[in-house]
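In: Let's see this in three dimensions:
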Amino acid sequence: MSQKNTKIEIISESAAQTEELASFIGKTLREGDVLALSGELGSGKTCFASGLARGLGVSDQYRITSPTFTLINEYPARCKLYHFDVYRLNSYSEFEDLGYEEYFCANGVVVIEWAEKIIQILPDDAFFISFEYIDENRRKIIIQGLKDRLKELARYKGGG
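Out: Next up is the predicted model:
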């Protein structure tokens, strides 16, 4: 990891707070941003992606679900949201076969669940976000990324 990268840790007390954090982050994202999510099943990745979508301006008429079987969902917003779930892939070469570069270079934001499976091909400026269980409701969310971009996110104080 380069010296320009840093990390912040946030404790989320609930799924609603995770969505609120992600919505805040979604409002700060720009075209070309890539968010790489990792964590155990049920740790909050899809919940986070849902909040992110709302922050980007995806309408409530869209139900944000994990695209485990379709691999990708696209949502219209101020920047198009490309939501990947690579859980079922066996290797990053399978992701390459999907033509992922097209999405990374598109005019939108990319969020990838189970990103640790394709870490070799993620851009250096991606946000790496991991989710760790603390207990039934609480999660530790660790966000790593470029220092100047993380400053924007560090302003999040959280609800309650």
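
In: Which residue is the nearest non-sequential neighbour of Leu56?
Out: The shortest distance from Leu56 to any residue other than its chain neighbours is 4.0 Å, reached at Ala77 (CB to CB, 6 or more residues apart in numbering). C-betas here are computed from N, CA, C, even on glycine.

In: Would you check how far apart the residue nearest to Ile121 when sequence neighbours are not counted and Ile112 are?
Out: Leaving aside its sequence neighbours, Ile121 sits nearest to Tyr92 (CB to CB, 6+ apart; 5.1 Å). Distance, Tyr92 to Ile112, using CB to CB, to the nearest Å: 11 Å.

In: Give the bridge partners for the residue nearest to Glu40 when sequence neighbours are not counted, please.
Out: Nearest non-adjacent residue to Glu40, counting by CB to CB, 6+ apart: Tyr133, 6.6 Å away. Beta bridges link Tyr133 to Arg139, judged by DSSP bridges.

In: one step back: neighbour count: Tyr92 and Ile112, which is higher?
Out: Taking neighbours as other CB atoms under 10 Å, Tyr92 and Ile112 compare with Ile112 leading, 28 against 16.

In: Let me know whether that one touches Asp33 as I believe.
Out: No. Ile112 lies out of contact with Asp33 (CB atoms under 8 Å); the separation is 11.6 Å.

In: For the residue nearest to Ile121, give me its contacts.
Out: 117-121 (CB atoms under 8 Å, 6 or more residues apart in numbering).
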